[in-house]
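> Sequence and computational prediction follow.
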2 protein chains.
Amino acid sequence: MHESPLSSIRIVLVEPAGPLNIGSIARVLKNMGLRQLVLVNPQCDPLGPEARQMAVHAQEILETAKTVATLPEALHGCQRVIATIGREGNHDPSLRWDCEAPSLALPWLLAQPSALVFGREDRGLTTAELNDAHRLVRIPAHPDYPSLNLAQAVAVCCYELYQNQGVVLKSSRENQISTSEGLTPKGSPEAVSFEHLAAYYQHLETVLLKIGYLYPHTAASRMGKFRRLFNRAQLSSTEVALLRGILSQFEWALAGRAKLDRE
Amino acid sequence: MHESPLSSIRIVLVEPAGPLNIGSIARVLKNMGLRQLVLVNPQCDPLGPEARQMAVHAQEILETAKTVATLPEALHGCQRVIATIGREGNHDPSLRWDCEAPSLALPWLLAQPSALVFGREDRGLTTAELNDAHRLVRIPAHPDYPSLNLAQAVAVCCYELYQNQGVVLKSSRENQISTSEGLTPKGSPEAVSFEHLAAYYQHLETVLLKIGYLYPHTAASRMGKFRRLFNRAQLSSTEVALLRGILSQFEWALAGRAKLDRE
């Protein structure tokens, strides 16, 4: 592989509101050899004078940044998604226990179609948005004031990605898949894309609602737990196909049963 | 020791010109448990509205920041000094070979009266300023655009300090001096302070000029080489006392010789 292991990683900002931050982030992306910036519903002009001033020699990162309306659009085609979590959010406190250090988790994104997601300056990511990620990262910080500026948080994470790319370059020379400590090795052609996994979750929710396991008003929260469980398992395409096969079979059986009941 | 191993480290900015940078830096210092900000001849108002806006909940870091006129004043009392080097400076290219990665060098500052020095936004540090440091650090970055924004560079280094403080806490529990790989262990009561080392260099230069080894117009450049050599050796107070003893002895002998010549 002649491509840099960084070139397949997109940095996703959800509803960024500060043009100075967006410009600084464009600059640090270029500093650290990253190319893809994706903005989900930005709350300011990412090509205005403030952003351009902070980007300095990284204007092309701003100009080629992709703007999308929703996080799932931003994650389309990604096989690995890590979301960052600060202390500013209103999310489920139980999520904090799943957080990993950047140095441990971020190398897992290298050399894969993958995304690293950052939340709003003031409120971070919602629980629903966090549930789109396979892993969660928190930058270690002092408890007196643990909330980093968005651009600083992106800088720290991009720095970790850049300084860890050597691991992947080395292991790809040895024809091995790079993995962080404690992770099951997973071949990249096998890894499921974000949209296929999302389709599975949709399918699962539909079936569970149909059978009365889920109630419409509590479905989102319960589904969040399933998402986290499956995301942690880092499913392969084959495994997702198997799981969907079970659901289809179930639906077929239900339909047959309904038909029998009607007869 | 109950103090944090971070509390004895000062972050020194030489002639910073951007108030947004100074404010962002105050914030990330507090995020990473650092308290001491020292500004050498700042080119903007570090307590103006732009700096205050970026500092958010770290106003006290701005308010207690020390302003001094020269780098030696900022380093007074420090036993260990690391300077950061970017690609923006006009300094001696040979210095680049001595640069270390932040993760390797920065833990050496922990639990010591020490300083981490950052240069001007546009020109970095001069060769003379770099020669005041014991070690040099460069943040790894992509060759296409290796120059980081000042506040981003400070964020990356403070993050490395924060995440490495555990190493020192652990080893101080074991009554050991923490050292990075490849460094000779050096007891902290033994380590020479910046001003004693500076006095030695001044003494050496005086003697070398007196004996005609140095010429006034090339003294600074040649002394730079000696500084780098001795700084790399990380002299103890005892060693500096011994070296100064040699110089004094030399001067005494020269004076005696001169007296003999006159007689």
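Ah, there it is.

> Count the neighbours of A:I246 for me.
The local packing of A:I246 (other Cβ atoms under 10 Å in any protein chain shown) involves 11 other residues. The way it works is simple: take the backbone N, C-alpha and C, and place the C-beta from them, glycine included.

> which SSE is it in?
helix A:237-262 (DSSP states H and E).

> pLDDT averaged over that helix - what is it?
For helix A:237-262, the mean pLDDT works out to 78.

> Quick one: list the elements packing against it.
Packing partners of helix A:237-262 (3 or more Cβ pairs under 8 Å, 6 or more residues apart in numbering or on different chains; DSSP states H and E): helix A:194-210.

> what angle sits between the helix it packs on and helix A:237-262?
Here the directions of helix A:194-210 and helix A:237-262 differ by 30 degrees (axes from the mean of the first three to the mean of the last three Cα atoms, to 10 degrees).

> Could you point out which residue ranges in the stretch 51-200 of chain A have low pLDDT?
Counting by pLDDT under 70, the ranges of the stretch 51-200 of chain A that qualify are A:87-97, A:167-189.

> What are the boundaries of the helices in the stretch 1-150 of chain A?
Here the stretch 1-150 of chain A has its helices, by DSSP state H, counting those that start in this stretch, at A:19-31, A:49-55, A:59-63, A:71-75, A:102-105, A:127-130, A:150-173.

> do the fifth one and chain B meet?
Yes: applying Cβ under 8 Å from any Cβ of the partner chain, one finds that helix A:102-105 is in contact with chain B at A:S103.

> Which elements pack onto that helix?
strand A:135-137, helix A:150-173.

> Which of the residues in that helix are classified as buried?
By neighbour count on 16 or more other Cβ atoms under 10 Å in any protein chain shown, the buried set for helix A:102-105 is A:P102, A:S103, A:A105.

> Relative to the whole chain's centre, how far out is it?
14 Å (Cα atoms, centre = their mean, to the nearest Å).

> pull the CA atoms of that helix into PDB?
The C-alpha coordinates for helix A:102-105 follow below in PDB (Å, rounded to 0.1, in the frame of the first residue of the first chain):
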ATOM      1  CA  PRO A 102      -6.200   8.400  22.600                       C
ATOM      2  CA  SER A 103      -2.900   6.600  22.400                       C
ATOM      3  CA  LEU A 104      -4.600   3.300  22.900                       C
ATOM      4  CA  ALA A 105      -7.600   3.600  20.700                       C
END
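
> Between the helices and strands packed on helix A:102-105, which one is closest to A:Q234.
Comparison of the helices and strands packed on helix A:102-105 against A:Q234 by Cβ to Cβ identifies strand A:135-137 as nearest, at 8.4 Å.

> Can you name every helix or strand that the closest one contacts?
strand A:80-84, helix A:102-105.

> Relative to B:S4, which of these is closest?
helix A:102-105 (20.6 Å).

> Return the residues of the stretch 1-150 of chain A in contact with chain B.
Residues of the stretch 1-150 of chain A lying near chain B (Cβ under 8 Å from any Cβ): A:20, A:24, A:27-28, A:30-33, A:54, A:56-58, A:101, A:103, A:139-142, A:144-149.

> Mind doing that once more with 6 Å?
Contact residues (Cβ under 6 Å from any Cβ of the partner chain) of the stretch 1-150 of chain A with chain B: A:24, A:27-28, A:30-31, A:33, A:57, A:140-142, A:145, A:148-149.

> One more: the stretch 151-263 of chain A?
Within the stretch 151-263 of chain A, the positions adjacent to chain B are A:Q152, A:A155, A:V156, A:Y159, A:Q163 by Cβ under 6 Å from any Cβ.

> Just the buried ones from those residues?
Applying 16+ other Cβ under 10 Å to those flags A:Q152, A:A155, A:V156, A:Y159, A:Q163 as buried.

> Once you drop chain neighbours, what's closest to the third one?
The shortest distance from A:V156 to any residue other than its chain neighbours is 4.8 Å, reached at B:Y159 (Cβ to Cβ, 6 or more residues apart in numbering or on different chains).

> What of the first one?
Spatially, and ignoring its direct neighbours in sequence, A:Q152 is nearest to B:A155 (4.2 Å; Cβ to Cβ, 6+ apart).

> that older thread, who wins for proximity to A:P113 among the helices and strands packed on helix A:102-105?
helix A:150-173 (14.0 Å).

> ok, now how distant is the nearest residue to A:D144 once chain neighbours are set aside from B:L161?
Spatial nearest neighbour of A:D144, chain neighbours left out: B:K30 (6.8 Å); criterion: Cβ to Cβ, 6+ apart. Distance, B:K30 to B:L161, using Cβ to Cβ, to the nearest Å: 13 Å.

> neighbour count winner among the two?
B:K30 (26 against 22).

> give me phi/psi at A:G77?
phi 90, psi -10 (degrees, to the nearest 10).

> Would you enumerate the residues in contact with the closest residue to A:Y200 other than its chain neighbours?
Closest residue to A:Y200 apart from its sequence neighbours, by Cβ to Cβ, 6+ apart: A:V240 at 5.1 Å. When contacts are counted by Cβ atoms under 6 Å, 6 or more residues apart in numbering or on different chains, A:V240 is found next to A:V192, A:H196, A:Y200.

> can you check A:R138 too?
A:R138 touches A:I85, A:C99, counting by Cβ under 6 Å, 6+ apart.

> try the one 4 residues further on
For A:H142, the contact set (Cβ under 6 Å, 6+ apart) comprises B:G33.

> center of chain A - which residue?
A:V81 (2.8 Å; Cα atoms, centre = their mean).

> Just to check, that residue is in contact with A:A133?
Yes: between A:V81 and A:A133 there is a contact at 4.6 Å, judged by Cβ atoms under 6 Å.

> before we move on, the earlier item: tell me how far the helix holding A:I246 is from the chain's mean position?
The answer for helix A:237-262 is 29 Å, by Cα atoms, centre = their mean.

> For it, buried residues please.
Quick answer for helix A:237-262 (16+ other Cβ under 10 Å): A:V240, A:L243.

> The nearest residue to A:A65 once chain neighbours are set aside: how many residues sit nearby?
Spatial nearest neighbour of A:A65, excluding adjacent residues (Cβ to Cβ, 6+ apart): A:L37 at 4.1 Å. Close neighbours of A:L37, defined as other Cβ under 10 Å, add up to 23.

> and what of the one 4 residues further on?
A:N41 is flanked by 15 other residues according to other Cβ under 10 Å.

> Now do the same contact list for the closest residue in space to A:A151 that isn't next to it in sequence.
Leaving aside its sequence neighbours, A:A151 sits nearest to A:S24 (Cβ to Cβ, 6+ apart; 3.9 Å). A:S24 is in contact with A:M54, A:A151, B:N149, counting by Cβ under 6 Å, 6+ apart.

> In the stretch 101-250 of chain A, what residue lies closest to chain B?
At 3.8 Å from chain B, A:H142 is the closest residue in the stretch 101-250 of chain A, using Cβ to the nearest Cβ.

> any idea of the pLDDT on the closest residue to A:L62 other than its chain neighbours?
Closest residue to A:L62 apart from its sequence neighbours, by Cβ to Cβ, 6+ apart: A:A26 at 4.8 Å. A:A26 is assigned a pLDDT of 98 by the prediction.

> Please look at the residue nearest to A:Q152 and B:V28 and confirm they touch.
Yes: with contact defined as Cβ under 6 Å, B:A155 reaches B:V28; the gap is 4.6 Å.

> With that, I have no additional questions.
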